[in-house]
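In: Mind looking at a prediction? Sequence and model below.
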Amino acid sequence: MMRSAQTAALALALVAATGTAAFAQATATPPATAPAGAAAPAGAADPVLVTVNGTPIRASDLALAAEDIGPNIPPQLQGEQRLEYIASYLTDLTLLAQAAAAEKLDQTPQFQQRMAYARTKALVDLLLTEAAKKAVTAEAKRATYEEFVKQRKPETEVRARHILVDDETKAKEIAKKAKAGEDFAKLAKENSKDSSEDGGDLGYFTKEQMVPEFAEAAFKLDKGQISDPVKTQFGWHVIKVEDKRETPVPTFEQVQDEIDRFLVQKSQAELVTKLRAEGKVEKTSVPAKPATPGTPAAPAPAKP
């Protein structure tokens with residue numbers, strides 16, 4: 001949803017008051033010693049961007065808000081416009097929170113319950129972030145990669161071209177021409193319904209990546225051989241195998257991001273499993289309809 005004209009005006013006023021440099025600092029990478037998600041210390045590294053009825057909004061607040069609402073920001077807003085949007089959102093948020101406090105809503109049971117829930121979530125986020133940081137080390141990443149290479153089973157790949165047509169008679173004619181020595185890529189460009197612009201080139205693939213009938217025919221051929229017509233759900237294929245090889249082992253750099261994700265998920269899952277095993281959890285009956293937040297659960301009906 002796009003911001004209202006009033007909100008946009010607030011953002012523009014904010015830019016005029018603080019300047020571009022201050023906004024640029026809002027997305028600066030925090031010091032390496034600071035835990036992820038932690039607010040930067042007050043001062044030059046964390047400037048006040050705007051003050052709302054005496055309440056300062058700092059660059060670190062923008063960073064937290066960006067993490068919170070980032071997926072909902074219109075994608076066409078980039079750079080300074082994106083920062084303006086977030087600052088405007090925080091300004092409105094602060095004004096509304098101040099109005100709620102003026103009505104003493106911060107003293108209600110509903111507020112206290114929501115605060116307790118928010119505190120629990122924030123602590124969990126920080127704990128899981130710390131667990132991930134400890135798990136994703138250079139040593140752990142390299143050991144995970146070496147274990148992957150050790151357990152990896154060699155797999156054959158085929159590089160093939162194909163010509164796809166609708167009927168068997170035409171497929172037979174094309175197969176005859178190809179086996180007689182006519183240029184296969186040229187035949188594909190002239191006749192194939194698929195990959196014709198690439199001369200029918202499908203690149204390298206494993207057996208599991210193709211429909212069974214096609215895969216069986218392709219993997220029986222030797223390099224340079226051409227198949228008889230093969231029927232699949234897509235039509236009739238004539239296949240030429242260009243090359244066969246063992247699937248190359250990906251380099252560490254190629255799978256580094258996947259290793260990071262694996263280590264993060266593994267460390268967090270292990271932490272949850274450990275705490276479940278060590279914790280004392282007593283389950284009671286679950287109500288058919290959850291109570292409204294901040295209100296006591298309904299009493300159990302009296303026994304007759």
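Out: On my side now, so go ahead.

In: Please make it C-alpha for all contacts and neighbour counts, starting now.
Out: Fine.

In: The stretch 151-300 of the chain: strands as residue ranges?
Out: Counting by DSSP state E, counting those that start in this stretch, the stretch 151-300 of the chain has strands at residues 156-165, 201-205, 230-232, 235-246.

In: Averaged pLDDT, the second one. What do you get?
Out: Spelled out, it's strand 201-205. Averaged over strand 201-205, pLDDT sits at 95.

In: which parts of that strand are buried?
Out: For strand 201-205, a neighbour-count test (16 or more other C-alpha atoms under 10 Å) marks 201, 204-205 as buried.

In: who's in contact with residue 222?
Out: By C-alpha atoms under 8 Å, 6 or more residues apart in numbering, the residues touching residue 222 are 241, 244.

In: Phi first, then psi, for it.
Out: phi -90, psi 170 (degrees, to the nearest 10).

In: Look at it and report its pLDDT.
Out: Taking residue 222 on its own, its pLDDT is 95.

In: State the distance from it to residue 143.
Out: Per C-alpha to C-alpha, to the nearest Å, residue 222 is found 38 Å from residue 143.

In: go on, residue 207?
Out: If you go by C-alpha to C-alpha, the gap between residue 207 and residue 143 works out to 30 Å.

In: more neighbours, the two?
Out: A side-by-side neighbour count of residue 207 and residue 143, using other C-alpha atoms under 10 Å, places residue 207 first with 16 against 12.

In: Skip the chain neighbours and tell me the closest residue to that one.
Out: residue 215 (5.4 Å; C-alpha to C-alpha, 6 or more residues apart in numbering).

In: That neighbour - how many residues pack around it?
Out: 16.

In: got it, and residue 160?
Out: Residue 160 has 24 neighbours, counted by other C-alpha under 10 Å.

In: Just the pLDDT for the closest residue in space to it that isn't next to it in sequence.
Out: Distance criterion C-alpha to C-alpha, 6+ apart; nearest residue to residue 160, sequence neighbours excluded, is residue 241 at 4.3 Å. Note for residue 241: predicted pLDDT of 97.

In: wait, residue 241 sits on residue 215?
Out: No - if you go by C-alpha atoms under 8 Å, residue 241 and residue 215 don't touch, sitting 11.3 Å apart.

In: Residue 164 versus the residue nearest to residue 207, what's the distance?
Out: 14 Å.

In: likewise residue 234?
Out: For residue 234, the distance to residue 164 - C-alpha to C-alpha - is 8 Å.

In: and if you look at residue 191?
Out: Relative to residue 164, residue 191 is positioned 8 Å away (C-alpha to C-alpha).

In: do residue 153 as well
Out: With distances taken as C-alpha to C-alpha, residue 153 is found 32 Å from residue 164.

In: quick one, which of these two is more surrounded?
Out: Taking other C-alpha under 10 Å, residue 153 and residue 164 do not tie; residue 164 has more neighbours (25 against 9).
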